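[1] One predicted model, sequence on top.
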Amino acid sequence: MIDADQDDPAVAARPGGHTYHLTPEPVWRAQEQQQAYQPEAFEVDGFIHCTDGEVNLLAVANAFYQADQRPYVVLVLDRDRINAPVRFEDADRIFPHIYGALNRDAVVDVRRAIRLADGSFVSITSGATLFGA
């Protein structure tokens, strides 16, 4: 679902395409049997953070999650399938926010985030779903 706010096109998400959500693998796995997914920080933030572009996602991962040594996965989301409102609130329109729980059928792939020993994120696997999309 796209929240097409005609009064403020700078915040309305563009239709179609994929966006990415980075999450610790244990958080994703703990919710495998649920119909919707919410990240750990949802209650505090009030939305789900996403990032357009793999390079941008790796930059975010290294800026905010490098010290967290848990394994991470990347949820590949089809924006057209997301039921909750999706809005960009950054001027560069790189970081869409999902205002509600994420319906699992919007997850089209689950990829592993590849890390070095120091915790830095260096790549994202490509290909088929790892598990539980």
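    Right, received. Where do you want to start? Numbering: from 1, shown residues only.
[2] Only C-alpha atoms from now on, for both contacts and neighbour counts.
    OK.
[3] chain center to the longest strand belonging to the chain, what's the gap?
    As assigned by DSSP state E, the longest strand anywhere in the chain is strand 107-115. The gap between where strand 107-115 is centred and where its chain is centred comes out at 10 Å by C-alpha atoms, centre = their mean, to the nearest Å.
[4] which strands and helices sit next to that strand?
    strand 72-78, strand 121-124 (3 or more C-alpha pairs under 8 Å, 6 or more residues apart in numbering; DSSP states H and E).
[5] What pLDDT is listed against residue 95?
    Note on residue 95: pLDDT of 97.
[6] Regarding this structure, what is its longest helix?
    Counting residues, the longest helix found in the chain (DSSP state H) is helix 54-64.
[7] buried residues in that helix?
    For helix 54-64, the neighbour count (16 or more other C-alpha atoms under 10 Å) marks 57, 58, 60, 61 as buried.
[8] Kindly report the same for stretch 97-110.
    In stretch 97-110, counting by 16+ other C-alpha under 10 Å, buried: 97, 98, 99, 100, 101, 102, 103, 104, 106, 107, 109, 110.
[9] now swap in stretch 34-47 and tell me
    Within stretch 34-47, judged by 16+ other C-alpha under 10 Å, the buried ones are 37, 38, 39, 47.
[10] So for it, mean pLDDT?
    On average, stretch 34-47 scores 95.
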